[in-house]
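K.L.:
structure for the following, please:
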Amino acid sequence: MLVQNYWFTTLLEKQYATCPPLLKNMECDVLVIGGGMSGVACAAALQGKGLKVVLLEKNILGGSSSGRSAGFLTPDSELELSQLVRRYGVAGANEIWEVPVKGIDLIKNNVEKFNIDCDFRVQDSLFLGIGKSGEEDVKAEFECRKSVGFTNQEIYNKQELDKLVTSTGFNAAVCYNQTYGINPLQYLQGMKNVLLENDVKIYENTEVKKIENDTAYTHAGSVKAKQIVVAIDKMENDFNPLAKDVFHAQTFLSISEPLSDSELKTLFPFGTEFQMWDSTLVYSYFRLLKGNRILLGGGNAASTFLPNAWYHENVIKGVHKRFKSHFPFLKNLNFTQYWPGLIDTTRDLLPTIVKDPINKNLHFIMGVVGLPWASFCGNFVAENILGVAEEENKKYYEYFTSRRYFAFPSFLQNILGKPTLFALNNGWAKYYQVDKNHLPAKMENEF
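P.N.:
Model prediction:
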């Protein structure tokens with residue numbers, strides 16, 4: 001297998017604008033740092049509003065975490081709805097669930113409005129339970145969806161699953177619609193063309209070294225701005241102390257050779273595509289792409305919490321082995337490329353949106369897991385800058401503030417180490433945490 005991000009291969013299919021690096025000093029109204037899903041969503045919400053907007057990206061737009069992701073457009077990321085209900089109650093879970101739903105709508109609307117060719121696919125979500133505990137997880141998810149008022153889900157037992165997908169070893173599944181798949185790198189590169197057409201100035205291959213007061217400095221230039229939005233991943237402590245609140249989880253993705261017509265017919269006997277993931281703690285996830293290739297991702301408990309990226313293929317080979325045990329008719333299917341990635345996240349798996357404690361015109365979007373969540377967060381910050389944020393959206397301060405409740409505080413990093421602290425908080429948030437009695441008091445001008 002090649003160690004190579006397959007999405008970069010697909011860029012050869014289209015014509016995208018080239019944006020040279022910044023080589024001068026300039027001024028603008030709003031500077032967005034980071035060209036992933038959050039940064040692009042922020043810039044898109046600011047375009048056409050009479051503001052001079054500049055976007056800086058150290059790679060190409062989508063060249064980091066967003067463009068290395070699996071392209072799932074589903075409200076699920078690291079947290080299932082049932083886990084949110086336990087943490088926040090039915091009403092709170094419903095409010096938080098609205099975040100990725102709105103994020104999906106933003107992406108879908110952009111695809112349709114700007115005719116972005118990015119392998120946008122209607123793919124219902126299928127959460128698969130393994131073993132007795134997995135069956136219980138599926139039932140809990142189904143009941144939680146009903147409890148918050150959702151009516152678009154169906155539950156399937158082991159025998160009924162054959163109606164959806166030919167597999168073995170899954171005890172139950174819950175299925176729901178209004179979810180999609182996307183080529184994230186093609187989407188973000190397509191949005192780059194849209195932003196340029198709307199007079200957003202974009203500079204790729206331009207890393208911001210530091211921010212002082214109202215100015216961001218790069219190696220060969222600078223941008224002075226009235227408002228600065230930082231939406232980057234892998235932020236270092238010397239860039240801003242808030243980096244201590246960002247953690248990393250490692251996953252792997254791989255791409256298969258094309259399925260034959262008979263294999264495709266066997267996989268989806270009734271012709272309906274699904275995006276799927278299982279109930280294990282370090283879960284596997286997979287879906288179909290253009291050209292009838294399978295995108296398969298996952299990892300293992302040892303590699304997930306490593307502090308640095310791990311590139312050896314032994315981890316993804318383990319994911320392939322587990323996948324083929326559930327789909328034995330694909331035992332001879334080869335996977336041609338794989339690539340690792342460190343996902344930015346927070347201790348409780350929800351994003352953090354915060355202003356710098358000293359410079360209130362400096363905004364940070366941090367630790368966002370999932371493209372829909374990132375889309376919402378970028379748009380949310382832009383609306384607050386514009387002063388047009390809906391009153392009902394102000395409720396998100398208590399969910400996304402950096403002051404929210406964490407079971408294991410940051411100072412334990414010095415004792416336990418960052419990977420161990422994250423692993424403890426990750427497990428606690430997914431299975432035990434209850435936040436209903438820990439919501440912080442509102443602070444003025446927090447967002």
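K.L.:
where's residue 423, which helix or strand?
P.N.:
With secondary structure defined by DSSP states H and E, residue 423 is part of helix 418-431.
K.L.:
buried stuff in that helix?
P.N.:
418, 419, 421, 422, 423, 424, 425, 426, 429, 430 (16 or more other CB atoms under 10 Å). Yep, even glycine has a C-beta here, placed from its N, CA and C like the rest.
K.L.:
try stretch 246-258
P.N.:
Applying 16+ other CB under 10 Å to stretch 246-258 flags 246, 247, 248, 249, 250, 251, 252, 253, 254, 255, 256 as buried.
K.L.:
for the fourth one, what are phi and psi?
P.N.:
The phi and psi values for residue 249, taken as degrees, to the nearest 10, are phi -120, psi 140.
K.L.:
run through the bridge partners of it.
P.N.:
Listed by DSSP bridges, the beta-bridge partners for residue 249 are residue 343.
K.L.:
which residues in the stretch 1-150 of the chain form strands?
P.N.:
2-3, 25-33, 53-56, 72-73, 121-122, 124-129 (DSSP state E, counting those that start in this stretch).
K.L.:
let's have these in TSV, adding mean pLDDT.
P.N.:
Formatted as TSV, the strands of the stretch 1-150 of the chain follow (pLDDT from 0 to 100):
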stretch	mean pLDDT
strand 2-3	91
strand 25-33	98
strand 53-56	98
strand 72-73	96
strand 121-122	96
strand 124-129	95
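K.L.:
of these, which approaches residue 359 most closely?
P.N.:
The closest of those to residue 359 is strand 25-33. By CB to CB, the value is 12.6 Å.
K.L.:
what's the offset of that closest one from the middle of its chain?
P.N.:
For strand 25-33, the separation from the chain centroid amounts to 26 Å (computed by CA atoms, centre = their mean, to the nearest Å).
K.L.:
repeat for stretch 16-25
P.N.:
26 Å.
K.L.:
so what touches it?
P.N.:
Residues from elsewhere that reach stretch 16-25 (CB atoms under 8 Å, 6 or more residues apart in numbering): 56, 60-61, 189-190, 192-193, 196, 202-206, 218, 220-224.
K.L.:
how far does stretch 250-269 stretch from start to finish?
P.N.:
End-to-end distance for stretch 250-269: 33 Å, by CA to CA, to the nearest Å.
K.L.:
any idea which residue sits dead centre in the chain?
P.N.:
Closest to where the C-alpha atoms of the chain average out (CA atoms, centre = their mean) is residue 370, at 1.7 Å.
K.L.:
first to last residue in stretch 199-208, what's the distance?
P.N.:
Span of stretch 199-208 from end to end, CA to CA: 21 Å.
K.L.:
now stretch 168-183
P.N.:
Across stretch 168-183, first to last residue, CA to CA, it's 28 Å.
K.L.:
pLDDT of that stretch, averaged?
P.N.:
Mean pLDDT, computed over stretch 168-183, is 95.
K.L.:
what do you get for stretch 345-353?
P.N.:
Stretch 345-353 comes out at a mean pLDDT of 88.
K.L.:
what residues of it count as buried?
P.N.:
For stretch 345-353, the buried set under the neighbour-count rule, 16+ other CB under 10 Å, comprises 345, 346, 347, 348, 349, 350, 351, 352, 353.
K.L.:
export that stretch to PDB, keeping only CA atoms.
P.N.:
Output of stretch 345-353 as PDB, limited to C-alpha atoms (Å, rounded to 0.1, in the frame of the first residue of the first chain):
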ATOM      1  CA  THR A 345     -10.200  17.400  19.700                       C
ATOM      2  CA  THR A 346     -10.900  18.500  23.300                       C
ATOM      3  CA  ARG A 347     -11.100  16.600  26.500                       C
ATOM      4  CA  ASP A 348     -14.800  16.100  26.300                       C
ATOM      5  CA  LEU A 349     -15.000  15.700  22.500                       C
ATOM      6  CA  LEU A 350     -17.100  18.900  22.000                       C
ATOM      7  CA  PRO A 351     -15.600  21.900  20.200                       C
ATOM      8  CA  THR A 352     -14.300  25.000  21.900                       C
ATOM      9  CA  ILE A 353     -15.000  28.600  20.700                       C
END
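K.L.:
what's the spacing between it and its chain's center?
P.N.:
For stretch 345-353, the distance to the chain centre is 11 Å (CA atoms, centre = their mean).
K.L.:
stretch 172-179 too?
P.N.:
The answer for stretch 172-179 is 19 Å, by CA atoms, centre = their mean.
K.L.:
what does stretch 102-114 give?
P.N.:
On CA atoms, centre = their mean, the centre of stretch 102-114 falls 15 Å from the chain's centre.
K.L.:
now secondary structure and distance to residue 335 too, for the buried residues of stretch 345-353, in a markdown table please.
P.N.:
A markdown table is the format used below for the buried residues of stretch 345-353 (DSSP: H, G, I helix; E, B strand; the rest coil; distance: CB to CB, whole Å):
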| residue | secondary structure | distance to residue 335 |
| --- | --- | --- |
| 345 | strand | 26 |
| 346 | coil | 31 |
| 347 | coil | 33 |
| 348 | coil | 33 |
| 349 | coil | 28 |
| 350 | coil | 32 |
| 351 | coil | 31 |
| 352 | strand | 35 |
| 353 | strand | 37 |
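K.L.:
which parts of the host helix or strand of residue 155 are buried?
P.N.:
Assigned by DSSP H and E, residue 155 belongs to strand 153-157. Across strand 153-157, burial judged by 16+ other CB under 10 Å covers 153, 155, 156.
K.L.:
so can I have TSV of these showing pLDDT and distance to residue 7?
P.N.:
Compiled in TSV, these are given as follows (pLDDT from 0 to 100; distance: CB to CB, whole Å):
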residue	pLDDT	distance to residue 7
153	91	30
155	95	33
156	95	32
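K.L.:
closest to residue 180 out of those residues?
P.N.:
For the buried residues of strand 153-157, the residue nearest residue 180 by CB to CB is residue 153; the value is 16.5 Å.
K.L.:
tell me who's in contact with the closest one.
P.N.:
For residue 153, counting by CB under 8 Å, 6+ apart, the contacting residues are 142, 145, 146, 174, 175, 176.
K.L.:
against residue 424, how distant is it?
P.N.:
Distance of residue 153 to residue 424, given as CB to CB, to the nearest Å: 32 Å.
K.L.:
what is the mean pLDDT for stretch 244-255?
P.N.:
Per-residue scores along stretch 244-255 average to 89.
K.L.:
what's the local residue count around residue 100?
P.N.:
Per other CB atoms under 10 Å, the neighbour tally for residue 100 reads 22.
K.L.:
and residue 151, how many neighbours?
P.N.:
Using other CB under 10 Å: residue 151 sits among 7 other residues.
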